[in-house]
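Participant: Turn this into a structure:
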Amino acid sequence: MKDLIVLLLISIFLNSKELELNLQKNFEEKAKNFIFLLKEEKFEEAKGNLAELMIKALESKGIEIENLWYGLKEQVGEFKSIKKTKFNEEMGYKCIYLTTEFSKKALNIKVVYDKDEKIAGLFFLPLIEESYKMPSYAKPEIYEEFEYNFGKEKIKLTGVLTVPKGKGPYPLVILIHGSGPQDMDETIGPNKIFKDIALGLSSKGIAVFRYDKRTKTYPEDFSKNIDKFTIKEETTEDVKEAIKFLKELKNIKFSKIFLLGHSLGATMAPRIALEEKDIDGIILIAGIPYGFYINKVYEQTKYILSLDGELKSEDIEKLKEIEEQLKKIKDLEMKDGEIIMGASKKYWEDLLKYDPVEAIKKLKIPVFILQGGRDYQVTQEDFDIWKEKLKGRKNTEFKLYKDLNHLFIFGKGKSTPEEYEKQGNFSEDALEDISSWIKKQ
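Facilitator: A predicted model of the protein is given here:
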């Protein structure tokens, strides 16, 4: 009888595994068929695979799926083959990663399916052959990590608190992401600079909290409510929720609380510090000294297009298009519900009014501003604006690292987007400076 029960359980297990594998295979085949439809230029049939949200998102940017495919081919050449597929479930979505070969370059194509088995996301990603490596300055034997869920009831986020072993209280650093749907590690290619910072600082006696951004955790909510979405929903509200949650922890206590922002996170840290009374200092890494950060897109695009030595006629047209979009935003000529550069009038209007330099001038807490000399996204000119406008302010330090890029990873020569696909770690020199600065406050 026992043998019969065991055999029955094995049968149920095998059947459930078989069903799971069949489900994965089904999605993998759907994704492959979709790519073959694009290859064969059957665009209407391919469009039938898209979710309504995806269609509207493309339409809002004036993009047809055929333009997307033709634009991709211009960059990577003709489609050759699919080498392998990988299934993954992410936040309730079925995601298929297709390793593909084009005539000029290999790519990872990520196809995201919603609950109706329609394509809600399509990403063309560089093929990453390198993987993340823990920095040499991380000392796992002297810290531990705890995972928590925090935030408002319907907007729960996952975060990780890295804490030195031993008796506290410890200084606490809360990390604030750059733009886009970032995970808690701020993963870009094989690099995880927020993870580096967390492990590095906790190896030096400082607790660090990092978390998955709301736009990463709830992409569908963001898409549905994009016309109402502001920087409050993207960034500031969740940092405040993290502060509240961490202050209420019963088993771990903190001596001081610091905010460390990277890129857009650095730009917004002064606003958060103004609104939260218990912040003891802010650290700004590659921060833009004005609220309307998207203004940098023109400069960044021109830099990238000029890397081959000259601007082609189509490059000039692209820059002109960006210039017109930026002007429309700055002049507040957007209509209600209109989306330009990924956001609504409400979102841009809020940031146009915000001045991080003026916010810092109202603060009485210490400020540390760091900049990479090879950063083409936020440049040394931006760093100089911070220095000039905050000249004479007490408790304000500035540090330029001439060989670091936007991720604060070492390199030589001109920085390029491809550089982000090479494995590196957050600068040990910068980490040491941050640690020393925190400890003397």
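Participant: so who does the residue minimising distance to the centre of the chain touch?
Facilitator: Per Cα atoms, centre = their mean, the C-alpha nearest to the average position across the chain is that of Gln182, at 2.8 Å. Residues near Gln182 by Cβ atoms under 8 Å, 6 or more residues apart in numbering: Asp212, Lys213, Thr215, Lys216. Where C-beta positions appear, they are placed from N, C-alpha and C, glycine not excepted.
Participant: Farthest-apart pair in those residues, please.
Facilitator: Asp212 and Thr215 (9.4 Å; Cβ to Cβ).
Participant: and Lys56, helix, strand or coil?
Facilitator: helix (DSSP: H, G, I helix; E, B strand; the rest coil).
Participant: ok, it to Lys224 distance?
Facilitator: According to Cβ to Cβ, to the nearest Å, Lys56 and Lys224 sit 10 Å apart.
Participant: Then Phe27?
Facilitator: 23 Å.
Participant: For these two, indicate the residue with more neighbours.
Facilitator: More crowded of Phe27 and Lys224, by other Cβ atoms under 10 Å: Phe27, with 19 against 12.
Participant: where does the closest residue in space to that one that isn't next to it in sequence land in three-state SS?
Facilitator: Leaving aside its sequence neighbours, Phe27 sits nearest to Lys94 (Cβ to Cβ, 6 or more residues apart in numbering; 5.0 Å). Secondary structure for Lys94, judged by three-state DSSP, is strand.
Participant: wait, Lys94 sits on Tyr113?
Facilitator: Yes - contact criterion Cβ atoms under 8 Å: Lys94 and Tyr113 qualify, at 4.3 Å.
Participant: Quick check: neighbours shared by the two?
Facilitator: Joint contacts of Lys94 and Tyr113 (Cβ under 8 Å, 6+ apart) are Phe27.
Participant: wouldn't Glu419 be in contact with Asn405 here?
Facilitator: Yes - Glu419 is in contact with Asn405 according to Cβ under 8 Å; the separation is 6.2 Å.
Participant: Below-threshold pLDDT in this structure: ranges please.
Facilitator: Scanning the chain for pLDDT under 70 picks out the ranges 1-22, 90-92, 128-129.
Participant: which strand in it runs the most residues?
Facilitator: Longest strand of the chain, by residue count under DSSP state E: strand 79-90.
Participant: tally of neighbours for Gly71?
Facilitator: The number of residues near Gly71, taken as other Cβ under 10 Å, comes to 11.
Participant: One more: Phe123?
Facilitator: 12.
Participant: now do the one 3 residues further on
Facilitator: Burial of Pro126 is recorded as 15 neighbouring residues (other Cβ under 10 Å).
Participant: Who are the packing partners of the longest strand of the chain?
Facilitator: Using 3 or more Cβ pairs under 8 Å, 6 or more residues apart in numbering; DSSP states H and E as the contact test, the elements touching strand 79-90 are helix 2-39, strand 93-102.
Participant: Can you list the residue ranges for strands in the stretch 51-200 of the chain?
Facilitator: 79-90, 93-102, 106-113, 119-126, 143-150, 157-164, 170-176, 187-188, 191-192 (DSSP state E, counting those that start in this stretch).
Participant: quick one, which of those strands is nearest to Tyr354?
Facilitator: strand 170-176 (14.7 Å).
Participant: contacting residues for Ser427?
Facilitator: Tyr401, Leu404, Phe408, Ile409, Phe410.
Participant: if I look at it, how far off is Gly281?
Facilitator: On the measure of Cβ to Cβ, Ser427 and Gly281 end up 20 Å apart.
Participant: Lys361 too?
Facilitator: Lys361 is 16 Å from Gly281, by Cβ to Cβ.
Participant: These two: which has the busier surroundings?
Facilitator: Set Lys361 next to Gly281 and count neighbours by other Cβ under 10 Å: Gly281 wins out with 21 against 12.
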